[in-house]
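Asker: just need the structure, nothing else, for what follows:
(4 chains)
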Number of protein chains: 2
Amino acid sequence: MSPARRKSAAAARSFRAPRDFRRGAPVFAALGDDVRLALVTRLSARGPMSTMRLSEGAGVTRQAVSKHLEVLAGAGVVHSTRQGRERIWEVDSAPLHAAQEWLDAISRDWDRALSRLKAFVEE
Amino acid sequence: MSPARRKSAAAARSFRAPRDFRRGAPVFAALGDDVRLALVTRLSARGPMSTMRLSEGAGVTRQAVSKHLEVLAGAGVVHSTRQGRERIWEVDSAPLHAAQEWLDAISRDWDRALSRLKAFVEE
DNA sequence: AAGTTAGGCAACCAAAAGGTTGCTCATCGT
DNA sequence: ACGATGAGCAACCTTTTGGTTGCCTAACTT
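Answerer: You can find the predicted model right below:
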């Protein structure tokens, strides 16, 4: 029983590709849900927004949206500040850039592997 | 911003960012697991491999790895072919490129939103 | 032909994820 | 001062996920 798949509480920092792929999983996991992906899309397109605004048209209750935002925050993808009785959310682009770099590394490695394979077959 | 963000737009066909973000979620979800991320990493680094080879050192049973590979295949991230009694897996880079583009679009939109906000505040 | 090896299939299980309702609390507008 | 509003908290429910074990089949090896 080695798994021990515990959530690291404060993973709110970027990660380095590609060595530290383990740090990347939470970011991808956070984006791997329709509702959350839609939330990030809206936030990035229209700028900072309150929980209520984000809940409108989300298709689920405000509480559900709130939970999703917490998940995103846990992965470092968004962060929030309280303003009066509202909580304003905004995108944190650093983890997204990190994720991008990871994908980039994967693609690069894969292309190299393909070249090697091709060379081997053709020799 | 980041210099490693250039890309010939021919590659991505799985989904379109950011309109069709719904199509992106499964890809991110597929990558959002430590074991699967490790599998993709190994596959891209060392080229095509059999289920057995991939299971070695994965920390979970062969059946678990098999399931994970099916999930990845379901998202289009990998695909497999049977060779004799072995099943050989390899990375499919198109969905990864698509995911990258989606992230790119998000970052771009976000930066634009920030500029607008800044301009508004400073006027 | 017999044994070994890679993998598919199915049942089953515990935990996590996604969602809901109901209640309370703080804050803002009037 | 008071009602409306935005959000936090908690209990609860259902489905999905990640993992296991056990057995069966196909295909190489000798």
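Asker: what residues does the helix or strand of chain A with the lowest mean pLDDT touch?
Answerer: Among the secondary structure pieces of chain A, namely its helices and strands, helix A:21-31 has the lowest mean (mean pLDDT, DSSP states H and E), a mean of 83. Applying Cβ atoms under 8 Å, 6 or more residues apart in numbering or on different chains, the set of residues contacting helix A:21-31 from outside is A:7-8, A:11, A:15-17, A:36-37, A:40, A:71-72, A:74-77, A:95-96, A:98-99, A:102, B:24-25, B:28-29, B:31-34, B:37-38, B:41. (Glycine included, C-beta is placed from N, CA and C.)
Asker: so which of those sit within helices?
Answerer: A:36-37, A:40, A:71-72, A:74, A:95-96, A:98-99, A:102, B:24-25, B:28-29, B:31, B:34, B:37-38, B:41 (DSSP state H).
Asker: could I get the buried residue list for stretch A:69-78?
Answerer: By neighbour count, with 16 or more other Cβ atoms under 10 Å in any protein chain shown as the criterion, the buried positions of stretch A:69-78 are A:69, A:71-78.
Asker: that stretch close to DNA strand C?
Answerer: Yes. In this structure, stretch A:69-78 sits against DNA strand C according to Cβ under 7 Å from any atom of the strand; the contacting residues are A:V71.
Asker: tell me the mean pLDDT over that stretch?
Answerer: Regarding stretch A:69-78, the rounded mean pLDDT is 97.
Asker: and that stretch, how far from the chain's centre?
Answerer: Here the centre of mass of C-alpha atoms in stretch A:69-78, compared against the chain's by Cα atoms, centre = their mean, to the nearest Å, lies 8 Å away.
Asker: need the CA coordinates for it. PDB is fine.
Answerer: Presented in PDB, the C-alpha positions along stretch A:69-78 are these (Å, rounded to 0.1, in the frame of the first residue of the first chain):
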ATOM      1  CA  LEU A  69     -13.100  27.700  -7.400                       C
ATOM      2  CA  GLU A  70     -11.400  26.300  -4.300                       C
ATOM      3  CA  VAL A  71     -10.100  23.400  -6.200                       C
ATOM      4  CA  LEU A  72      -8.700  25.800  -8.800                       C
ATOM      5  CA  ALA A  73      -7.200  27.800  -6.100                       C
ATOM      6  CA  GLY A  74      -5.700  24.700  -4.500                       C
ATOM      7  CA  ALA A  75      -3.900  24.000  -7.800                       C
ATOM      8  CA  GLY A  76      -2.800  27.600  -8.000                       C
ATOM      9  CA  VAL A  77      -4.700  28.400 -11.100                       C
ATOM     10  CA  VAL A  78      -6.800  31.200  -9.500                       C
END
